[in-house]
Structure formats: C-alpha cells, structure tokens
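Engineer: need the 3D shape of this:
(chains A and B)
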Amino acid sequence: MLGELEQVVLLAVMRVGKDAYGVPIHDEIQRRAGRDLTLGTIYKTLSRLEEKGFVASHVGEPTTQRGGRRTRCYVVSAAGKRSLQSTFKALRHMASGLDVGLEPT
Amino acid sequence: MIRFCIWLLERALRPDLASHVIGDLIEQQERGSLWMLRETISALWHLHARPHPRGDLVLSVLADLRVAARLLRRSPAFTLVSVLTLGLAIGATTVIFSVIEPVLLEPLPYPGAERLVMVWERNAAGTRDNVGFATFRDLATQSRTIERAAAMGEWQPTLSDHGEPERVRGDRVSWTYFRTLGVKPALGRDFLESEDRPGTNQVVILSHGLWERRFGGDSSIIGNAISIDGNPMTVAGVMPASFDNAPSPLAKIWRVLGYLNQPYACRTCHHLQMIARIRPGVSPEAAQNELSGIKSQLILAYPKEYAAAGVIVGKVQDEITMGARPALWALSGAVLLVLLIAVANVVSLQLARAIRRAQEFAVRGALGASRARMIRQLLTEGLLLATLGGLAGVLVAYLSLPLLVQRLPDSLPRLDAIHVDVGALGVVTTIVLLLAIVMGLAPARGRFANLSSSLGSGRRLSGTVSHSTRAALVVAEVALAMMLLVSAGLLGRSLVRLLGVDVGFDTSHLLTLEINSTGSRYASDSSVYDFHDRVREAVGALPGVSSVAVANQLPLGGNVDMYGVADIDNLPANLEQVPFADRYTVSANYLSTMRIPIIEGSGFTAAEATEGSNKVALVSEALAKRLWPNESALGKRIRMGGESRPARTVIGVTGNIRHSGLDAKTMMQWYVPERQFDADNQEVLIVRTAGDPATLAPAVRRTIAAIDPTQPIVKIATMEDVVAASTSQRRLALALFGTFAAAALLLAIAGIYGVLAGTVTERTREIGVRSALGATPRKLIGLIVGQGGRLAALGIALGLAGSFALTRYLRSLLFGVAPNDLVTLAGVCLLLAAVTLAACLVPAARAARVEPSTALRSE
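Structural biologist: Next comes the predicted model:
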C-alpha cells in the first residue's frame, strides 16, 4: 500500500503527463491539493517510488533557462498504476459502511 | 543567495540529483531568495546522502546539523524554552540597541555633523540658558572658531487655508539655519539674508511631511502665499523628505526670524537657542574658551544684562539627547543583564542535558570518536540553538520595536531613524556566535572531565563539575535578577512618590484645551480678551459646567514661560540676578477654578481684572519667600520683565503649584489679570465640571467653534490626563525595567528549580538510603531546601553588592528615593527569598516522597 505522499506525487506525475519534473509536479500538487511541498520532498518521494519501480525517469535536455542543467522527467509505470489501484481499493474496503464519503460508487 | 545555495547543494547532494534540483531552482528563481533558502534546506534535509566519516567538511557539518536538529526536535520542551529565552533576550537587546544607535551613537545626518555645537549662556546656577538675539549676534560675529551660526526659537503658527484651521509646531530661525546644518531645500530655495529683517520676513519653508499632508505635495505653492495666522506668507521652499530636524524634532515649518538690524534686539531675554558650526580642527572646548572670553567682554560692556560669566558649548547630538541619555543607558544596562541571565539559563539547561547524555558521549568516545569531533558536534548543537534563538530574537525585535517607538516621547530626536538596523543585527549575530561557543563548550568541559566515570557508573552520574558550574550560574542569575528587581523597585517607588505629591491644585473634574485667536480680527489686545470672555460665557452656560477660566499656560502642560520678578523698591545691582518665575496671565476666576488656595491677602476681583484699574499681582508662597524672606509680601511693588514694564502691587500670596513637572524643584509663580498684560494668541481654557469632564469635550468644542470656526482647538484633555502624560517617560522606563526584572525573576526561578530538580533526580538513590536509615521527610525537605537556600542567599548577597554599585547610575531617574533605599532593598530581598524558597519546595517535596525501595532498586 502506498503512503499518502507517494499517492499524491504519483497522481501528480500522471496529471502533468509529458515533461513531469520537479517544478510542474510541485505546481500541480499545489493547484489541486493546496499543498506547498518542497522540491526536496518531491524528489525524495520520487526516488523512493523509482526504487520500488512505480515510476521510471529519463534525463531531459539542458536548457539555458535552467542554467545549463538537465531536467529529470518521470512517468508512472504499469506497476505504479496497479499499486495506486490496489491502494484505493484497500481504502474503499476499509471505508465501506462508514460515513466518511468514500463509499464504492 | 542563489550562488550560495548552488554551492551548498553541489557539495552535499549526489551530482545528478544536485543538477536537477539546482536546475529547478534556477528556473524558478523569481520566487525569491526566501523560497530558494527553504528549498535548499529541504533538499539538503531530504536528499543528502550520509557522508563518509572523513569526508568533506561541509558534508560532515551538514551531518552534524541533521543530528542536532533531530535531537532538538526530540526534546521539544528544552528547545522551546531555550529558543524562547534566547529569543526574548536577544530581541530585547536588539530593540534597545536599535534605539540607542541612531539616537545616541550615530552621527546626525548632516555633513560634518561632528562640528555642529549648541552654544548656551551659562547662568548664575552654572547651568544652560538660552541666549538673547543681541548676545547671539555678538558671539557669532566676534568668534573666530565659529564658521557659521544660527538662532532658533519656538513658533506655533495656525495654518488657515488649504483645509481645516490647524496649529502646527514650527521654529523661527535665523536665515543661516539650514546653511549651518549643511542642508538645502529639495524644492524652491533657502532663506535669504535680505529676508531676515523686520517687515520682510514673511517667508516660510515647509517640511516634506507637512507639504505632502496639508498641501498634497503640490509644487505650485512654491513662490506663492499661504495663510499663516491669518497673514499671507510666501512659501520659499520645501525640505527634502530625508531631512531630519534633529535640533528641534517637532518643528515642521520654519519662518525666518527677522531680527537683523532690529534696534531693540535684547540681551536679557533668553528665548533663542544658538547652534553653530565650528571650524574644522577646532574642538568644542576651544570654542567654549573663546566664546567665554567674548562673553566676558560683553559683560564689561553691559554689566547689568548678564547673570554670570561663561558660555557652555556642547556637541548638538549630546545636547539634544541630554534628557533621554541616562534612561537609555540605564535601559541598555538592564537589557544586558537580562541577556546575561538568559545565556546563563540556556547554558545551565544545556549542562543538565549534558549530564543526561554523558553516557552517550562516553560510549562515543569509547568507540573512537575523537574529542575534537565530539566538541564539533556539541558546537553545532549550540550553533543551531543559538541561531534559532537569534532568529526568534530578530522576530521579537521586529514586532516590539514599533510598539516601543510609539511610546517614546515625540521630542526625542531621530525617532524616524529608529529601525531594526544592520548594526543591531550584526550585534545579534555576534551574540549568537558567542553563545554557540559558550553553549557548545560549557557542556564539553563538564563532560570530558568525567568521561570515564560516566562510562563506568552507568546511570548513576556524578557530574560534579557540571553541577558546580550550574550552581554558579544560578547564583549569578539570582544576583543579576536582584539588581534588576532593585532598579525596577526604585523606579516604581519613585513613580508612587511622584504621583503622591501635592500638585497644589485640584486635578479632578477639569477639562483643559488650547484655544487660539490669530489673524487680523484679533489684531488688538481687547479683541482677544473679548473673544476669551465670549468663550468663557458660552462654555460656562453649558449644563454640567461649574466654572470656566483662561490662562496663558497650563501647569504640567510642558510650557516654559518665565519672567524675572524684581522688587521695585529694592532692586539688585544686576537685574539678571532676580528670581525667575512662571508667568500666569489669567482670568479673574482662574485660582478659584483651579482651586489654588489663597494663603494671604485675596485673589482678583472682577473689578480689579480690567485694563483701567490699578495693576495688581499675586505671587506664590515660594516666590514671596524668595523675594521677602522675613516680611509679608502684601503691598510690595514688583515688576516682571524689563524696565519698560509697569509696577504691580502684590495683593495676595497663593499656594505653590508644580508647573514644570511633578518633580519640579522650584515652585515660584506669579499671577496677573490677563487684561493687565499683553494678549497671547494661544490660551488655555480650563473648564471645571460637575461630572466626568471627558464627556463634555464635544459640547465644549462645538460651542467654541460656533463663536469662531476659523480658530483651531487643540490638546483637549482632562487635567488628570495631562498629569499622567507628564509622567509618561517615567512610566515607560518603569514598564521596561519592570518587564526586564520580571523576565529575570522568572529565569532565575527556572534556574533554581532546574538545578534542584536535577539534584533530586541524581540523588534519588542517596535520598532513598537516607530515608531507609530513618531520615524523616522533614529532614529530606530541609536537605534540598537548604541547598537551594544557600544558592539563593549567595545570589542575593552578591546582588545586594551589585545593586549598591550600580543603582547610583539611576539617580537622575529617581524621585524621593535614594539609590540605596532600604525599603526597596529589603523588599526585593524578601521577594527573592520567598520566590526561590517556593521554587525549592517542589523538588524538595519530591525528595520527601522518595520510596526507599524504589530508590534502591533504581540502580
């Protein structure tokens, strides 16, 4: 089962789609979830997810806007999606019959 | 900032990770350096890999920081108390220093400010006196040490166009004023010499603030006339926004004096202040010597017009801050004591922790950590704690400085220049670094002294070195707290004494305000008197008003208006040696309205208080005693002011009143009916009411405005507020000292409690043994309280000695209380003894409850 940060970051990577690196991921989480995570937290979570095989990354092109530094872009792997599904399923089972607004629809 | 962040990240992170994070930071750098710092810290915290033990210094420092941060997070109570203690103390230090720096230390914001001096006439008492214009002119023109000089006197004009009538504070200055200071108007031009003459002096210069506020920053008014006291005066210029009028902080508008070539410029009137720029390389002392010589020549030429030889020359900055300086220095002393106590307390807390962590470090040592490495870890912990405390202090400073500045007197120069400045921050940083060293090393000394014993003794820690250090710290804390408490106590008793003095009149049920009568319709004296009569009649008709009086000034209102009083039938050879007394030109019912008693003779009747009748006067008891020590004052003929003034017959002696302050030393006053003296265009209206005077203020204001809406009504206040305001500086000093003393007391209590609680914990086993061997709870309590009591007694004794040594610097702030006042000293001793005893009782009670069995099992 995924941790809360891991869920949020995974979903954000999926939402951003192409070119999902630190800044867009951060902005997406801030926009949707209203949480101002630091880049450090995000990269730390991403590297944990990568170790578990839930995301894959590739290095992008260096740009002058970034002072000649490359981006590292992430995509969610099939295992990552499965893990999200099973997390949500587990949550729904746990919540079933409880009035917490997570009833199976 | 970004460079520093990149430098850190490149060293601390894996190169690929660093490159991505740095790329992100550079891409987003418009989010600001605060964001950058936060991201960098977070990235270091989350992403940085554990360093190799012998790796890069930066990396191992980072590792130390992480360990330190984790440790602080794990004991939140310790961290919170330490950071708060340090934060408050550092904050308070920064605040006081931020005030002292611009007010007392920083040079005034004028070119060559160190050459600006004030020149005073030395009077018979050897103190400073203002100069008359003729004296100013002679000193300025004959001196070779003075490059340029200016004269200034108070001026309170009424601005009557461009909005509601408003009275503002200004100065009348010689044309050289701004040139002497070395500043130029930002708009328009400076005064001209040709304007500084009677008749041509209808020219003003505005401060930037007044120009913006009242004239909307409209540059078209320059060269045009505005209405001042009902007369058109030309606006010559506007001073720059940056101009800080330090010699006279309240003045917002300047008018040229117009005394040049004036035939009647006087020597005996002391209504001007003289400011001078001395030539480069000349010391104020040299200027004083030269000017004293010139004054001696003047005395030869005009033997009757000077009271004493000599002048006093002092740097402008020293002269204008003379009143505030003792209080500010006393406060800085007090705040340093608080800082010392706070440091002692935090070090003591660190020591307590060190005792608890002795085993950890013993193990580390045994596993091969070098002493230097362990000291560095401790230093890092101290540095982190001190940094947090420093940051909290900066926060405290930023929050509390505006509150303090608000309560400082308006007349203090350079108020606008007070801010939490770089200098103060530098001091804070230095303090923080020193704290880091002290805090880092104090535990280390204790620790290594008993490294092996800690390791050997397991949980039973001796820590004797740490203990004696902590005990010494507690003694110091109590002593310092004692000194602060004594200071606060002395100031408090002074204030009580001060508020208890008899002011000489009945302050209750009085509403006071200032009314004005300026402009062409009040050109004649009788029109002014008639206006006063109409106002008194209309206000007197209001329900709830029992009587209404008019006077030229208000007791305790901060006015200075004194005249020399001479006995005409017994004139001294030098008229300057007659006593100076407060002038009260009043309506006939003033004394009865104020309830000032008539001790001898009688007050004014309405018939006497007219222009035509015989000139009469009342004198206060103190003035009567001074002039006629052995005779009755009744029937004496006196003259106030110069030889052109008429003789007046003393018809009564009044009670003394406190005029210049509740702490006024001289209480000489004279009273004459206003119709028998020159009219003033600013008067005080005094309304005695049946009920709460404050509720009548709106009705009184409406009534006066209905008589003449063009005249501003200012300073509406109850007499009780006026009395309170006259003590506001003392209250402020007391509030600050009181706060510092309370903080010091709390810290000292916490210190004693901490030491004893630690003792009880460490001696649990011993206490258990004693208890098993038959020691009663009473004996055990005695054991612990005795230990605390010895520390407290030693602290109190040292504090007493310190108080004797230091409180004499408070002398100028005290009233009716000696610096070594026994009541205060004894009271503070008792208070400290009681409070420290209470702090001992909690740990002592715990000791008494120790079960022998658990204590013995604790090994």
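Engineer: residue 75: neighbour count?
Structural biologist: No chain in the question, so chain A it is. If you count neighbours by other C-beta atoms under 10 Å in any protein chain shown, A:V75 ends up with 15. C-betas here are computed from N, CA, C, even on glycine.
Engineer: wait, I meant chain B there
Structural biologist: 14.
Engineer: B:R144 now?
Structural biologist: B:R144 has 10 neighbours, counted by other C-beta under 10 Å.
Engineer: need the three-state assignment for it.
Structural biologist: Counting by DSSP: H, G, I helix; E, B strand; the rest coil, the backbone at B:R144 sits in coil.
Engineer: list the buried residues in whatever helix or strand B:A286 lives in.
Structural biologist: Assigned by DSSP states H and E, B:A286 belongs to helix B:284-301. Of the residues in helix B:284-301, B:P284, B:A287, B:Q288, B:E290, B:L291, B:I294, B:K295, B:L298, B:I299 count as buried by neighbour count, 16 or more other C-beta atoms under 10 Å in any protein chain shown.
Engineer: do stretch B:656-667 as well
Structural biologist: For stretch B:656-667, a neighbour-count test (16+ other C-beta under 10 Å) marks B:N656, B:I657, B:R658, B:H659, B:S660, B:G661, B:L662, B:D663, B:A664, B:T666, B:M667 as buried.
Engineer: around chain A, which positions in chain B sit nearby?
Structural biologist: Applying C-beta under 8 Å from any C-beta of the partner chain, we find that chain B lies next to chain A at B:16-17, B:19-28, B:38-39, B:41-47.
Engineer: pull the number of nearby residues for residue 32.
Structural biologist: Picking chain A for this. Per other C-beta under 10 Å, the neighbour tally for A:R32 reads 12.
Engineer: let me rephrase: I mean chain B.
Structural biologist: By other C-beta under 10 Å, 11 other residues sit near B:G32.
Engineer: ok, now the one 3 residues further on?
Structural biologist: Burial measure for B:W35: 15 neighbouring residues, criterion other C-beta under 10 Å.
Engineer: ok, back up a step: list buried residues within the residues of chain B next to chain A.
Structural biologist: For those, buried by 16+ other C-beta under 10 Å: B:17, B:19-28, B:38-39, B:41-47.
Engineer: those in helices, which ones?
Structural biologist: B:17, B:19-27, B:38-39, B:41-47 (DSSP state H).
Engineer: any regions of chain A where pLDDT drops low?
Structural biologist: For chain A, the stretches with pLDDT under 70 are A:102-105.
Engineer: which one of the buried residues of helix B:284-301 is nearest chain A?
Structural biologist: Using C-beta to the nearest C-beta, B:P284 is the member of the buried residues of helix B:284-301 that sits closest to chain A, with 58.0 Å.
Engineer: tell me who's in contact with the closest one.
Structural biologist: B:V117, B:I278, B:V313, B:G314, B:K315 (C-beta atoms under 8 Å, 6 or more residues apart in numbering or on different chains).
Engineer: that one and B:L62: what is the separation?
Structural biologist: Distance, B:P284 to B:L62, by C-beta to C-beta, to the nearest Å: 55 Å.
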